[in-house]
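Enquirer: Output the structure for:
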Amino acid sequence: MLNGIEAVFFYLFAFVAVGSAFMVISARNPVHSVLFLILTFVNAAGLFLLTGAEFLAMILLVVYVGAVAVLFLFVVMMLDVDFAELKSGALQYAPIGALIGLILAAELIIVVGGFAVAPQLAGTGAQPTPPIETRQNTAALGDILYTDYVYYFQIAGLVLLVAMIGAIVLTLRHKAGVKRQSIAAQVARGKDAIEIKKVETGKGL
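Expert: Below is the predicted model of the structure:
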């Protein structure tokens, strides 16, 4: 059970997180949607801190807020994506989206219903190794992440690297009528790059 001050912060973080998540999908400006997404991540990190999962809270802030959400923001601002054209064909995916939503709702109902019927099953899950009483969960998660799941960790890093390179390539598109600097062309210039003229006395500028 949460005490008084923890309950206040829980409801505060939860209310702001749900409200900002709703604004992510309802805001017309895509930049505003990304900013509301960052606010949602920050409040979710606060909820993780209340549950004692400080590692997940810091990862949420560093990875998602500090990298992914900011990357989304810069991509949206630099690509100048026409979201009106993208949203025009969104209705054709409504049946598939509704089906996926029903499946997720059914899964949530099954999980909540199972907890209501047999709440003792919640304590039968795997315990952290080593036990949390002898070591902080951040150190335990670090050991497991860099030993048992090190290859998956490296694969995730490669996926993020490919996404970053793709974003850079998309933003460096050559547009017609825009002058761009060519270092190779400047270095390869010969003596014909400049012209020296002898100006007579009194006839210069």
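
Enquirer: if I look at the residue positioned nearest the centre of the chain, how far off is L37?
Expert: In the chain, the C-alpha nearest the mean C-alpha coordinate belongs to V68, at 2.7 Å (CA atoms, centre = their mean). Computed with CB to CB, to the nearest Å, the distance linking V68 and L37 is 9 Å. In this view, the C-beta of every residue, glycine as well, is placed from N, C-alpha and C.

Enquirer: can you map out the helices along the protein?
Expert: Remark: helices assigned in the chain by DSSP state H are 4-26, 30-50, 54-59, 70-79, 83-88, 94-117, 137-145, 150-171, 183-187.

Enquirer: Let me have these in a markdown table, adding distance to A193, mean pLDDT and mean neighbour count as columns.
Expert: Below are these laid out as a markdown table (distance: least, CB to CB, whole Å; pLDDT from 0 to 100; neighbours: other CB atoms under 10 Å):
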| stretch | distance to A193 | mean pLDDT | mean neighbour count |
| --- | --- | --- | --- |
| helix 4-26 | 53 | 84 | 13 |
| helix 30-50 | 43 | 83 | 19 |
| helix 54-59 | 53 | 82 | 16 |
| helix 70-79 | 33 | 69 | 15 |
| helix 83-88 | 45 | 59 | 10 |
| helix 94-117 | 60 | 73 | 10 |
| helix 137-145 | 56 | 78 | 14 |
| helix 150-171 | 31 | 86 | 11 |
| helix 183-187 | 9 | 80 | 7 |
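
Enquirer: for the ones you listed, which one sits closest to G202?
Expert: Closest approach to G202 among the helices of the chain (CB to CB): helix 183-187, 35.5 Å.

Enquirer: got the helices of the chain as a markdown table, with distance to T201 columns?
Expert: As requested, the helices of the chain are arranged in a markdown table below (distance: least, CB to CB, whole Å):
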| stretch | distance to T201 |
| --- | --- |
| helix 4-26 | 73 |
| helix 30-50 | 62 |
| helix 54-59 | 74 |
| helix 70-79 | 54 |
| helix 83-88 | 65 |
| helix 94-117 | 82 |
| helix 137-145 | 79 |
| helix 150-171 | 54 |
| helix 183-187 | 34 |
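
Enquirer: For K197, which of those is the nearest?
Expert: For K197, the closest of the helices of the chain is helix 183-187, at 22.7 Å, according to CB to CB.

Enquirer: Show me what that closest one is packed against.
Expert: Based on contacts counted as 3 or more CB pairs under 8 Å, 6 or more residues apart in numbering; DSSP states H and E, there is no element that helix 183-187 packs against.

Enquirer: Report the distance from it to the chain centre.
Expert: Relative to its chain's centre, helix 183-187 lies at 38 Å (CA atoms, centre = their mean, to the nearest Å).

Enquirer: oh, and call the first residue 324 from now on, that's how I've got it
Expert: Noted, 324 is the first residue going forward, which turns the last one into helix 506-510.

Enquirer: For that helix, C-alpha coordinates in PDB please.
Expert: Presented in PDB, the C-alpha positions along helix 506-510 are these (Å, rounded to 0.1, in the frame of the first residue of the first chain):
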ATOM      1  CA  ILE A 506      35.000  20.400 -50.600                       C
ATOM      2  CA  ALA A 507      36.400  18.100 -53.400                       C
ATOM      3  CA  ALA A 508      35.500  20.600 -56.100                       C
ATOM      4  CA  GLN A 509      37.200  23.400 -54.100                       C
ATOM      5  CA  VAL A 510      40.300  21.500 -53.500                       C
END
